[in-house]
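Participant: next one to model:
(2 chains)
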Amino acid sequence: MSQPSVDIDYVANLARLDLSAEEKARFAAQLGDILAYFEKLNAVDVSGVEPMAHAFPVFNVLDDDVARPGFTAAEALRNAPVQRDNQFLVPKVVDDA
Amino acid sequence: MSEPLYQLTVAELSRRLAAKQVTSEEVTRAFIERTNAVESKVGAFLHRDEGDALAQARASDQRRAAGKAFGPLDGVPIGIKDVVAVKDQPLTCASQILKKFISPYDATVIERLRAAGVVLWGRLNMDEFAMGSSTENSSYQTTSNPWDLARIPGGSSGGSAACVAAGEAPAALGSDTGGSIRQPASLCGIVGLKPTYGVVSRYGLVAFASSLDQIGPMTRTIEDAAMLLQALAGHDPRDSTSLKQPIPDYVAAVNAPAKTWTIGVPRDFFGEGLDPEVRASIEAAIEFYKSKGCKIVDITLPHADLGLPVYYIIATAEASSNLARYDGVRYTHRSAKATDAVDLYFKSRAEGFGPEVKRRIILGTYVLSSGYYDAYYLRAQKVRTLIRRDFEDAFMQVDAVLTPTAPTPAFKRGEKSDNPLAMYLSDIYTISVNLAGLPGLSLPCGFTKNNLPIGLQLIGRPFAEADLLAMGRLFEAGHDYSSRRAQL
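Facilitator: Below you'll find the model as predicted:
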């Protein structure tokens, strides 16, 4: 049986996940096995079948437009890995011109 | 000689507390002492704060002394899976990426348990982000099955199941995305209930696969599961998938006179991989229901064997999206090695997530990626419709569907950890229940020659938890399996 192959570098980049060479090799092989198992689904006739995203979809769930208490800045920042001046601190995002 | 307090059920503790035969402080202390005595063998807890639990217990005793007890659960300790937010307590999901996280708020289920007077007792181990079937994917510690310490307790709610089976708490909360309450309950010889999707609020439950996740009770008896579900269920405006369903009196349903049910058995589905001792126990359970006047009907679930591939496409797709929030910026581990803002994501996630979580993020990202979406994700959603239709057809003629909960009893540690596909197969009977959004109950239905528990699953119509619990009670009342205790 032909083994589906996964471009692991491409997918890891989409997932924003650094993988070691060892992880890439292992995951590529395991995912190949898992995807081959997924091929079972190709044998099913799904023509005219609606996709199901949810067991009991409820729509237009709206809240009343009423102010409610929320976190203070200190509470929101409690788990921040790095913070300064009541803000999350991150490395510079925009390059110097 | 009376049984020690830690061996008692929630219902019995509730009766003794109400009769003022014991205090919550005595009860809570009994579970703390039991935990201290056996936890080095079991390893169920990731975190526990004895002082906090005893303070809650004393507050309960004061309410009761003042004649203001909150209800039947007031003063009863309950363990919490480390995936549900409890204000000011750690919330790690057994992941390094949330190693230092402290919950800033209570989940809705926790607010409800507090309003019922429950003593919140500890944080229970699990597979990282609830991804796994053995609790071996915890990044912190292994948890042992109290019936055989060389074996896994099941997963992902393995800490919850082991804690209850070991008498470290009379009950615990679990969460179930593909079987994570029912499978460990089965492997540890306790009762586990996954409610209908939308019956219990997910607000404050860390999301794995949002269209599948549900919180539910893990207990020693059916009555205890009913008591907990009574406290947990109900509409919550903070969860937009929460349903406005009337909540019946579950405890009354359990204690009502036994009815004769029509039960469907999908034998085609009991195929390859089903352990002979499990099969024999399930056949004996079917005979028992017959002997009680229930009608047994052979049914087919033609798409049931496709539940596993559908699940691993949909659940990983949703997970890859949900876990994008762990980025090293706002509340997670942040890599010290990052060279710039984008590299911060790559390295923080690489350092913070374990192998199974990475594997599922990659798989979920792949099935959603351009060019593969229709072939995998969309097709899986269509087959999900077919799986639900199978159940709808079955429920035209039966009140419930009976299956094993898991294909085998608890397996040995390390036995499947290098083979993800073999591990995934341990959820074959539970997974389609989540895909269809139905309630599923696991209860003890026997033991193997080696004294390992076996579990029976009852699957019901949407919102038929009361019926499932009544059916479960009918079985439980005719057997002694739920009163057996693991020897530690």
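Participant: next up, the contacts around residue B:297.
Facilitator: By CB atoms under 8 Å, 6 or more residues apart in numbering or on different chains, the residues touching residue B:297 are B:262, B:263, B:264, B:265, B:397, B:398. To be clear about C-beta, it is placed using only N, CA and C from the backbone, and glycine gets the same treatment.
Participant: residue B:309: how many residues sit nearby?
Facilitator: Neighbours of residue B:309 under the rule other CB atoms under 10 Å in any protein chain shown: 22.
Participant: and it, what are its phi and psi?
Facilitator: Per-residue torsions, residue B:309: phi -60, psi -40 (degrees, to the nearest 10).
Participant: quickly note the distance from it to chain A.
Facilitator: Distance, residue B:309 to chain A, by CB to the nearest CB, to the nearest Å: 5 Å.
Participant: which one is that residue nearest to, not counting chain neighbours?
Facilitator: residue A:38 (4.6 Å; CB to CB, 6 or more residues apart in numbering or on different chains).
Participant: so the one you found belongs to a strand, correct?
Facilitator: No. Assignment of residue A:38 by DSSP: H, G, I helix; E, B strand; the rest coil gives helix, placing it outside any strand.
Participant: check contacts around it.
Facilitator: B:309, B:312, B:313, B:376.
Participant: likewise residue B:261?
Facilitator: Residues in contact with residue B:261 (CB under 8 Å, 6+ apart) are B:289, B:294, B:295, B:399, B:400, B:467, B:471, B:474.
Participant: quick check: pLDDT value at it.
Facilitator: At residue B:261, the predicted lDDT confidence score is 97.
Participant: so which of the contacts of residue B:297 belong to strands?
Facilitator: B:262, B:263, B:264, B:265 (DSSP state E).
Participant: contact partners for the third one?
Facilitator: Spelled out, it's residue B:264. B:297, B:298, B:299, B:394, B:397, B:398, B:400, B:401, B:402.
Participant: possible to save these as a markdown table with pLDDT?
Facilitator: Formatted as a markdown table, the contacts of residue B:264 follow (pLDDT from 0 to 100):
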| residue | pLDDT |
| --- | --- |
| B:297 | 98 |
| B:298 | 97 |
| B:299 | 98 |
| B:394 | 98 |
| B:397 | 97 |
| B:398 | 98 |
| B:400 | 98 |
| B:401 | 98 |
| B:402 | 98 |
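Participant: residue B:185 versus the closest residue to residue B:10 other than its chain neighbours, what's the distance?
Facilitator: Closest residue to residue B:10 apart from its sequence neighbours, by CB to CB, 6+ apart: residue B:224 at 4.0 Å. For residue B:224, the distance to residue B:185 (CB to CB, to the nearest Å) stands at 12 Å.
Participant: ok, residue A:80 next?
Facilitator: Counting by CB to CB, the separation of residue A:80 from residue B:185 is 37 Å.
Participant: next secondary structure element downstream of the strand or helix carrying residue B:53?
Facilitator: Using DSSP states H and E, residue B:53 falls within helix B:50-65. Counting by DSSP H and E, the next helix or strand C-terminal to helix B:50-65 is strand B:77-81.
Participant: partners of that following strand, with directions?
Facilitator: strand B:119-124 (parallel), strand B:171-176 (parallel) (DSSP bridges).
Participant: would you list the ones you listed in TSV and tack on distance to residue B:252, mean pLDDT and mean neighbour count?
Facilitator: Converted to TSV, the strands paired with strand B:77-81 look like this (distance: least, CB to CB, whole Å; pLDDT from 0 to 100; neighbours: other CB atoms under 10 Å in any protein chain shown):
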stretch	distance to residue B:252	mean pLDDT	mean neighbour count
strand B:119-124	25	98	28
strand B:171-176	19	98	29
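Participant: make TSV out of those strands and add distance to residue B:408.
Facilitator: TSV is the format used below for the strands paired with strand B:77-81 (distance: least, CB to CB, whole Å):
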stretch	distance to residue B:408
strand B:119-124	23
strand B:171-176	19
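Participant: still on that earlier bit, find the residues that touch each one of residue B:224 and residue B:185.
Facilitator: With CB under 8 Å, 6+ apart as the test, residue B:224 and residue B:185 both reach residue B:191.
Participant: these two: which is more packed in?
Facilitator: Under the criterion of other CB under 10 Å, the comparison of residue B:224 against residue B:185 puts residue B:185 first, with 39 against 28.
Participant: near chain A, which residues of the stretch 151-300 of chain B show up?
Facilitator: B:196, B:197, B:198, B:211, B:237, B:240, B:241, B:243 (CB under 8 Å from any CB of the partner chain).
Participant: correct me, but the first one touches residue B:459?
Facilitator: No. Under the contact definition of CB atoms under 8 Å, residue B:196 does not touch residue B:459, with a separation of 10.8 Å.
Participant: more crowded one of the two?
Facilitator: Taking other CB under 10 Å, residue B:196 and residue B:459 do not tie; residue B:459 has more neighbours (28 against 25).
Participant: how about the strands in chain A?
Facilitator: Going by DSSP E, chain A shows strands at A:83-84, A:87-88.
Participant: try the stretch 101-250 of chain B
Facilitator: B:119-124, B:171-176, B:191-194, B:214-219 (DSSP state E, counting those that start in this stretch).
Participant: of the ones you listed, which is nearest residue A:54?
Facilitator: Proximity to residue A:54 (CB to CB) singles out strand B:214-219 among the strands of the stretch 101-250 of chain B, at 12.9 Å.
Participant: for whatever residue of chain A ends up closest to chain B, give me its contacts.
Facilitator: Using CB to the nearest CB, the single residue of chain A nearest to chain B is residue A:55, 2.2 Å away. With contact set as CB under 8 Å, 6+ apart, residue A:55 has these partners: B:197, B:198, B:211, B:388, B:435, B:436, B:437, B:438, B:462.
Participant: which secondary structure element is home to the fifth one?
Facilitator: In this case it means residue B:435. Judged by DSSP H and E, residue B:435 forms part of helix B:431-436.
Participant: where does the chain dip in pLDDT?
Facilitator: Answering for chain A, as no chain was given. Residue ranges of chain A with pLDDT under 70: A:1-5, A:96-97.
Participant: looking at chain B here, not the other one
Facilitator: For chain B (pLDDT under 70), the answer is B:1.
Participant: list the contacts for the residue positioned nearest the centre of it?
Facilitator: In chain B, the residue lying closest to the centroid (CA atoms, centre = their mean) is residue B:181, at 2.0 Å. Listed by CB under 8 Å, 6+ apart, the contact set of residue B:181 reads B:157, B:160, B:174, B:175, B:192, B:193, B:194, B:216, B:218, B:442.
Participant: now for those residues: which two are most distant?
Facilitator: Based on CB to CB, the longest span within the contacts of residue B:181 runs between B:175 and B:442 and measures 14.4 Å.
Participant: make JSON lines from the strands of chain A and add distance to chain B and mean neighbour count to it.
Facilitator: Below are the strands of chain A laid out as JSON lines (distance: least, CB to the nearest CB, whole Å; neighbours: other CB atoms under 10 Å in any protein chain shown):
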{"stretch": "strand A:83-84", "distance to chain B": "10", "mean neighbour count": "12"}
{"stretch": "strand A:87-88", "distance to chain B": "6", "mean neighbour count": "12"}
